[in-house]
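Student: Below is the sequence, then the predicted model.
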Amino acid sequence: MQHRDLLSRLGLELPADGAGLSVRSPIDGAALGVAPVTPASEIPEVAARAQRAFEAWRSVPAPRRGELVRLLGEELRDAKEDLGRLVTLEMGKIFQEGLGEVQEMIDICDFAVGLSRQLYGLTIASERPGHAMRETWHPMGPCAVISAFNFPVAVWAWNAALALVCGDPVIWKPSEKTPLTALACQRIFERAVARFGDAPADLLQVVNGGRDVGEALVASPLVPIVSATGSTRMGREVALKVAERFARPILELGGNNAMIVAPSADLDMAVRAIVFSAVGTCGQRCTTLRRLIVHKDVRDTLLPRLKAAYASVPIGNPLESGVLVGPLNDKGAFDGMQRALEQAKADGGTVTGGGRALADQYPDAWYVQPAIVEMPGQTDIVRHETFAPILYVLTYETLEEAIALQNAVPQGLSSCIFTTDIREAESFLSAAGSDCGIANVNIGPSGAEIGGAFGGEKETGGGRESGSDAWKGYMRRQTATVNYSRALPLAQGIKFEI
Ligand code: UN1
């Protein structure tokens, strides 16, 4: 019943049963409530409302749009504890990480507020006398955000905070597994809108539902930007549909992130970084560390220490302090993990851990011992992203070999090297080094700050969200040439006299 109080503090009075998405907590399988769904047939009307909002919002000065996002950041600060707890309850990550996720939302709001006064274009030197050229960034239109269960609110905020200051209304299709946190965000957003005063209606619409709702959104001609986070399989479908109508995709798909541990690495730091990035969020971040590429000279020192750390990592109810690993999201995730471990064994791998945990205490939830799998080579299963805490261990002799292994997977999200040798560090970051969108030195592959552009190459989808100039993905670029002379010279010196 305690969760009822939490939900009502967040403005969610939901039926306990009936039609809709019925949500169960991955912590213990307890029912949390039923979220209303938007039928796919209503998406054209949703998109038309977003278009009407766009027609008003695009003419509001960007710094004023930033004021709405500033208020959203304030409301999120007030709601941080409650929303962080709901993230834990609905998704299953530990409370510290639930709070971290809300902090990530606050951070991107702050970033976007500053950005609202810095949507800078360019002035360009014209080759013609008496001419001025410039490049301006204009609002683009409604932005669809399709988000995944593992970061149920932060990834929405990365997109929404930027889209809103860029002048674009947002239509949010959350994961079917996490509709409640999305509804809570909508309430929080509504409070910011009420304080703002004169915002157009429908700047944010949440559409809960299944695959058909996402498909209708992706197909909508009124939605020029589709930002989707999730599996490569889903992203491929979205990419094709979006390309068909020449809309703009922002895709953040699978990762298969590696760490190279070089002979000069600080192993104390490496162990801590490995444990956080491989078992944190129970291996369910797109940035989770999945492959450890260790130099042969440090392998025998590192592995026993790592196994000892794994053996003592507290697994349990993610709401309890001290617990570091919560449950997997559902039985499907557990089954997928077991299948991957079986395949790894069949490929010659040696598995430590990986079994079900706490089944007596939580028969309707899916806790696991994180797994370390020593592999004879980078087989197909290692090249595949399994969304669970499985760390494959490979060995190398030369840095070239390590970088080649790190790059020889279909995904290209995040990567890192632990080394104190500047030659190795810079080689890893060079054009011939890591092929990922994110490359770190002496930091694990997960836990990026919002100030940098987030995303990756190859099957990760190529999109960039969050910081740096990712905002350009939410605006259209216009090149304007103004002739303030009394002549009409043509570019390239072409003569065309009439
Ligand atoms: C994701 O898993 O989809 O870098 C996002 C990180 C977080 C974001 C992860 N800041 O691990």
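Tutor: Alright, I've got the coordinates.
Student: Asp202 contacts Glu55, correct?
Tutor: No - because the distance of 11.1 Å does not satisfy CB atoms under 8 Å, Asp202 is recorded as not touching Glu55. Yep, even glycine has a C-beta here, placed from its N, CA and C like the rest.
Student: higher neighbour count, those two?
Tutor: Regarding Asp202 and Glu55, a neighbour count based on other CB atoms under 10 Å identifies Asp202 as having more, with 20 against 12.
Student: Report the contact partners of the more buried one.
Tutor: Contacts for Asp202 were tallied using CB atoms under 8 Å, 6 or more residues apart in numbering; they are 49-50, 52-53, 169.
Student: Can you point out the buried residues in the helix or strand that contains Leu7?
Tutor: Using DSSP states H and E, Leu7 maps to helix 2-9. For helix 2-9, the neighbour count (16 or more other CB atoms under 10 Å) marks 3, 6-7 as buried.
Student: gap between that helix and the chain center?
Tutor: Centroid separation between helix 2-9 and its chain, computed with CA atoms, centre = their mean, to the nearest Å, is 27 Å.
Student: just checking, next helix/strand downstream of it?
Tutor: Along the chain past helix 2-9, the next helix or strand (assigned with DSSP H and E) turns out to be strand 21-24.
Student: average model confidence for that following strand?
Tutor: Per-residue pLDDT values over strand 21-24 give a mean of 95.
Student: Report all helices and strands that that strand contacts.
Tutor: strand 31-35, helix 179-196 (3 or more CB pairs under 8 Å, 6 or more residues apart in numbering; DSSP states H and E).
Student: closest one to the ligand among those?
Tutor: Across the helices and strands packed on strand 21-24, the ligand has its closest neighbour in helix 179-196 (14.1 Å, CB to the nearest ligand atom).
Student: Give me the contacts around the closest one.
Tutor: Outside helix 179-196, the residues within contact range by CB under 8 Å, 6+ apart are 7, 10-12, 14, 21, 23, 32-33, 35, 67-68, 71-72, 74-76, 79, 82-83, 86-87, 90-91, 147, 152-153, 156-157, 160, 172, 174, 199, 203-204, 206, 208.
Student: Show me how to select, in PyMOL, the buried members of those residues.
Tutor: With 16+ other CB under 10 Å as the criterion, this PyMOL line picks the buried residues out of those:
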select buried, resi 7+10+12+14+21+23+32+33+35+67+68+71+72+75+76+79+82+83+86+87+90+91+147+152+153+156+157+160+172+174+199+203+204+206+208
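Student: from the contacts of helix 179-196, which ones fall inside helices?
Tutor: Filtering the contacts of helix 179-196 for membership in helices, criterion DSSP state H, returns 7, 67-68, 71-72, 74-76, 79, 82-83, 86-87, 90-91, 156-157, 160.
Student: pLDDT at the residue sitting furthest away from the middle of the chain, what is it?
Tutor: Summary for the chain: using CA atoms, centre = their mean, the residue whose C-alpha lies farthest from the chain's mean C-alpha position is Ile498, with a distance of 57.6 Å. Among the per-residue scores, Ile498 shows a pLDDT of 88.
Student: From Gly11, how far out is it?
Tutor: 67 Å (CB to CB, to the nearest Å).
Student: before we move on, what about Arg4?
Tutor: Relative to Gly11, Arg4 is positioned 13 Å away (criterion: CB to CB).
Student: ok, now Ile250?
Tutor: 29 Å.
Student: same question, Phe111
Tutor: Relative to Gly11, and taking CB to CB, Phe111 is found at 26 Å.
Student: Which stretches in the stretch 201-350 of the chain count as helices?
Tutor: Listed in chain order, the helices found in the stretch 201-350 of the chain under DSSP state H, counting those that start in this stretch are 211-219, 232-244, 267-279, 296-312, 331-346.
Student: how about the residues of the stretch 301-450 of the chain near the ligand?
Tutor: Residues of the stretch 301-450 of the chain found near the ligand, taking CB under 6 Å from any ligand atom as the criterion, are 446-448.
Student: Return the subset of the residues you listed lying in helices.
Tutor: When DSSP H is applied, those are split such that none fall in helices.
Student: and those residues as CSV, adding neighbour count and pLDDT?
Tutor: Output for those, formatted as CSV (neighbours: other CB atoms under 10 Å; pLDDT from 0 to 100):
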residue, neighbour count, pLDDT
Ser446, 23, 98
Gly447, 18, 96
Ala448, 20, 97
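Student: Identify the residues contacting the residue of the stretch 1-150 of the chain found nearest the ligand.
Tutor: Among residues of the stretch 1-150 of the chain, the one nearest the ligand by CB to the nearest ligand atom turns out to be Asn150. It sits 5.3 Å away. Listed by CB under 8 Å, 6+ apart, the contact set of Asn150 reads 91, 93, 281, 284-286, 329, 387.
Student: How many residues are close by Pro139?
Tutor: For Pro139, the count of nearby residues is 23 (other CB under 10 Å).
Student: List phi and psi for it.
Tutor: phi -60, psi 150 (degrees, to the nearest 10).
Student: now swap in Gln51 and tell me
Tutor: Gln51 has phi and psi values of phi -60, psi -40 when expressed as degrees, to the nearest 10.
Student: Make 58 the starting number, not 1.
Tutor: In the new count, where the first residue is 58, that last one comes out as Gln108.
Student: Quick check: mean pLDDT of stretch 332-344?
Tutor: On average, the pLDDT along stretch 332-344 is 98.
Student: quick one: terminal-to-terminal distance for it?
Tutor: Distance across stretch 332-344, first residue to last, is 13 Å (CA to CA, to the nearest Å).
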